[in-house]
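Student: here's a sequence, model it:
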Amino acid sequence: MNLNRRAAWIAVISAVPFVALAFYSWIKAVVDKSVPTYEVYLFGDVIYLLGSPLTLIVLGLPFYAGRHLSDGDNWWAIPLVDFLFILQWII
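Tutor: Model prediction:
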């Protein structure tokens, strides 16, 4: 069973706007303190849930690790969730 390159590229191109919007909201939550941080993070989380079940590996971390993601986790959480989101759309 081979990967259809055309379908994979269409999936990546379709997923990129969602990833960009969710990435922007998570960064805005950290940088801009004039907006409610919780609501902006929640907006990004809802977008990333379109890539479930793979994105739930990171977003479900509170259930597995016993702690919630913090601003200090963004250095690894954002790229990993972005990668998993695009991978889920390819699959």
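
Student: and the spatially closest residue to residue 53 that is not a sequence neighbour, how many neighbours does it have?
Tutor: Leaving aside its chain neighbours, residue 53 sits nearest to residue 88 (7.4 Å; criterion: Cβ to Cβ, 6 or more residues apart in numbering). For the C-beta atoms, the positions are set from N, CA and C on the backbone; glycine is no exception. Neighbours of residue 88 under the rule other Cβ atoms under 10 Å: 18.

Student: verify the contact between residue 88 and residue 51 for me.
Tutor: Yes: contact criterion Cβ atoms under 8 Å: residue 88 and residue 51 qualify, at 4.2 Å.

Student: list the contacts of the helix or strand harbouring the residue nearest to residue 53.
Tutor: Here residue 88 sits within helix 74-90, counting by DSSP states H and E. Helix 74-90 is contacted by residues 3, 8, 11-12, 14-16, 18-19, 22-23, 26-27, 30, 48, 50-55, 57-59, 69 when judged by Cβ atoms under 8 Å, 6 or more residues apart in numbering.

Student: just the ones in helices from the residues you listed, please.
Tutor: 8, 11-12, 14-16, 18-19, 22-23, 26-27, 30, 48, 57-59 (DSSP state H).

Student: of those, buried ones?
Tutor: 11, 15, 18-19, 22-23, 26, 48, 58-59 (16 or more other Cβ atoms under 10 Å).

Student: make TSV from these and add pLDDT to it.
Tutor: Shown next, in TSV, are these (pLDDT from 0 to 100):
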residue	pLDDT
11	92
15	94
18	95
19	95
22	93
23	92
26	88
48	89
58	84
59	81
